[in-house]
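[1] give me coordinates for this.
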Amino acid sequence: MIRDMARIAAECVKEPGKASIWSAERGEYVCVTSEEGHILLIRLKDGTARPTPTHPPISPQFKLVFLTAAIGTLFFVVLCLVLTLIAGKEPPRNHRPYSRK
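    Numbers count the residues shown, from 1 in each chain. The predicted model follows:
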């Protein structure tokens, strides 16, 4: 499952503005404008190939939302760390409110 998520993320970064479909031969997503992607689209339309339910096509809109969320998350994590360092605060110490004997 994590491998599939990594493949989707990689495809979103490689070709952000184009749709992608799953290539069973390569074991990864390919852009529909590539040669292999074009052949897969023709085979899907002819009925000689079936879409994979476990690997649905990735639309350009999904890629845009994914990249926006990833970049926004990274930006705010870095911003939080930088502002915390500028403020001079230290991370809270681990303490135990109850002592065991």
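
[2] what about the strands in this protein?
    Listed in chain order, the strands of the chain (DSSP state E) span 20-23, 28-31.

[3] next, format those strands as TSV and append mean neighbour count and mean pLDDT.
    All C-beta spots, glycine's among them, are computed from the backbone N, C-alpha and C. As requested, those are exported to TSV (neighbours: other C-beta atoms under 10 Å; pLDDT from 0 to 100):
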stretch	mean neighbour count	mean pLDDT
strand 20-23	21	84
strand 28-31	19	85
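
[4] which residue packs closest to Glu25, ignoring adjacent ones?
    Leaving aside its sequence neighbours, Glu25 sits nearest to Glu36 (C-beta to C-beta, 6 or more residues apart in numbering; 7.8 Å).

[5] test my guess that that neighbour contacts Ser23.
    Yes: Glu36 lies in contact with Ser23 (C-beta atoms under 8 Å); the separation is 5.9 Å.
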